[in-house]
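**Student:** what shape does this take:
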Amino acid sequence: MSKARASHPLWAVIALLSLAACCPAAEVPTPNLVLIYIDDLGYGDLGCYGAKNYRTPNLDRMAAEGARFTRFYTAQPVCSASRAALLTGCYANRVGFHGALTPQTRFGIHDDETTLAEVLKSRGYATAIYGKWHLGHQPQFLPTRHGFDEYFGLPYSNDMWPYHPDFLAEKAAHPDQEIGYPDLPLFDGERVKIPAVTAKDQRQLTTWYTEHATSFIERNRERPFFLYVPHSMVHVPLYVSDRYQDKSNAGTFGDVMEEIDWSVAEILAALRRNGLDERTLVLFSSDNGPWLSYGDHAGATGGLREGKGTVWEGGVRVPFLARWPKQIPAGHICAEPAMTIDILPTVAKLAGAELPKARIDGLDIWPLLAGQKDAKSPHEVLYFYYRHNELQAVSSGDWKLYFPHEYISLAGRSGGRDGKPSRYELRLIDEPELYHLVDDFAETRDVAAQHPDVVEKLLAYAEEARNDLGDALTDRPGPGRRAPGFVEN
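**Tutor:** Purely as a prediction, here's the structure:
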């Protein structure tokens, strides 16, 4: 499948105007898109979701001025897989992703996959990513080969350079020496900038990404644009600028969260300053739940069970805010289930763009975002895969069924302190377990025995997924899966 290429910007604008003129039923204007994606942010890490020990006034205001979802999910509870799903509109295993890529990994996003950036570029959008990519660092996997005009940021998590920066800072004779990939060329010339990363430089990552984002808005205010800001924080190791260090009175994690809140404020202010406030859809979410083993350097689940690295609600249910004045009602709260895979088809429809030719899994959730009366989730079922293509859970309506599998847990113990993790223990589900997510928010009561009809229904849904995407737990291959991109050396 060949990729969609950008048409001439002027013709793209004319096409958009013509579309609006000839389709009077389409009352929603074509928006710019800003997508802010935080790393390892938990469901309970914003004030509007219950955080108490630090302040997130700008994110809380964004929720008050737009929509806040209470059952929004990431497709998998880990970095690379969740980002592959976000940008392709597919379950990550459909496009060959599982787990988190490392500097030694030889695969990445396949050239035949169509990203959200490519979908919007086909409509004349300017596109940029400032932050963490994590879908491959070899030339063919970089963002500028997959629909983005510009890229500044890290190709992996901020602890993969190729050693943890705290470790190198302790061992190096000069703590500020470069510890990135000094031999990594700048592919595509000035369109790609991968900064050398030192322990000192990590303190500037949030600021750098924000400065690039606001500059992009200024430079592209006369044309439609897609701005993707996947922050490196709040993934450990935590770093914060001098401006926000010790500002929160809630430790390093609180300081980092308040700086993230500042970043959102700067981006929103840039939109207002350029007269783009009512022409821009701003989305805010997280790639997975908190990395609980890091204790006071990790976020909170807000009472949900477990965290990152599990498909329990604490690992996959994440904050989701959407703001678009005059299009999304202020103070709207949506309790319908939706997932990051839904962003691509929703935005594609708003932009008048064609969906990818290859099959995707996401569905249009604009009625939920717009607060339309009696709007329901377009999904009958959501699937939760993890590890190497294990179907570990399915959810339909208010129910969620877990299949026999191993998962990590702190087993009631507290996490580590000062950036040093505690050890997880391995736990086992040996029979299917059923939970009602509304009556039992924390998933403490397995009610499979009391509701055999629900179990049977969800097992049937699981069989549909296994016939399509496979399941390593039941030794099913999955004909609907596509291979990722791969390099020999």
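
**Student:** ok, longest helix in this protein?
**Tutor:** Determined from DSSP state H, the single longest helix within the chain is helix 251-273.

**Student:** other residues contacting the helix or strand following that helix?
**Tutor:** Sequence order places strand 280-286 as the next helix or strand after helix 251-273, per DSSP states H and E. Strand 280-286 is contacted by residues 31-42, 45, 59, 62, 66, 72, 74, 264, 267-268, 271, 318-324, 327-328, 340, 343, 347, 350 when judged by C-beta atoms under 8 Å, 6 or more residues apart in numbering. Heads up, the C-betas are built off the backbone N, CA and C, glycines and all.

**Student:** now the angle between helix 251-273 and strand 280-286, please.
**Tutor:** Inter-element angle recorded for strand 280-286 and helix 251-273: 170 degrees (by axes from the mean of the first three to the mean of the last three C-alpha atoms, to 10 degrees).

**Student:** avg pLDDT for strand 280-286?
**Tutor:** Averaged across strand 280-286, pLDDT comes to 98.

**Student:** and the next element down the chain from that strand?
**Tutor:** The element immediately downstream of strand 280-286 (helix or strand, assigned by DSSP H and E) is helix 313-316.

**Student:** so which bits of the next helix-or-strand element following that following helix are buried?
**Tutor:** Per DSSP H and E, helix 313-316 leads on to strand 317-323 as the next helix or strand towards the C-terminus. Across strand 317-323, burial judged by 16 or more other C-beta atoms under 10 Å covers 317-323.

**Student:** list the neighbouring strands of strand 317-323 plus their orientation.
**Tutor:** strand 67-73 (antiparallel), strand 280-286 (antiparallel) (DSSP bridges).

**Student:** keeping just the C-alphas, turn the last one into PDB.
**Tutor:** What that stands for is strand 280-286. Taking only C-alpha atoms (Å, rounded to 0.1, in the frame of the first residue of the first chain), the coordinates of strand 280-286 have been written out as PDB:
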ATOM      1  CA  THR A 280      -8.100  24.000  17.300                       C
ATOM      2  CA  LEU A 281      -9.000  20.700  18.900                       C
ATOM      3  CA  VAL A 282      -6.600  20.000  21.800                       C
ATOM      4  CA  LEU A 283      -6.300  16.500  23.200                       C
ATOM      5  CA  PHE A 284      -4.400  15.400  26.300                       C
ATOM      6  CA  SER A 285      -3.800  11.800  27.400                       C
ATOM      7  CA  SER A 286      -1.200   9.300  28.600                       C
END
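
**Student:** dump the buried residues of strand 317-323 to TSV, plus distance to residue 415 and pLDDT.
**Tutor:** Shown next, in TSV, are the buried residues of strand 317-323 (distance: C-beta to C-beta, whole Å; pLDDT from 0 to 100):
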residue	distance to residue 415	pLDDT
317	19	98
318	19	98
319	20	98
320	25	99
321	26	99
322	31	98
323	32	98
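
**Student:** now those as a markdown table including distance to residue 79?
**Tutor:** Formatted as a markdown table, those follow (distance: C-beta to C-beta, whole Å):
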| residue | distance to residue 79 |
| --- | --- |
| 317 | 17 |
| 318 | 13 |
| 319 | 17 |
| 320 | 18 |
| 321 | 21 |
| 322 | 23 |
| 323 | 25 |
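
**Student:** closest to residue 89 among those?
**Tutor:** residue 320 (15.7 Å; C-beta to C-beta).
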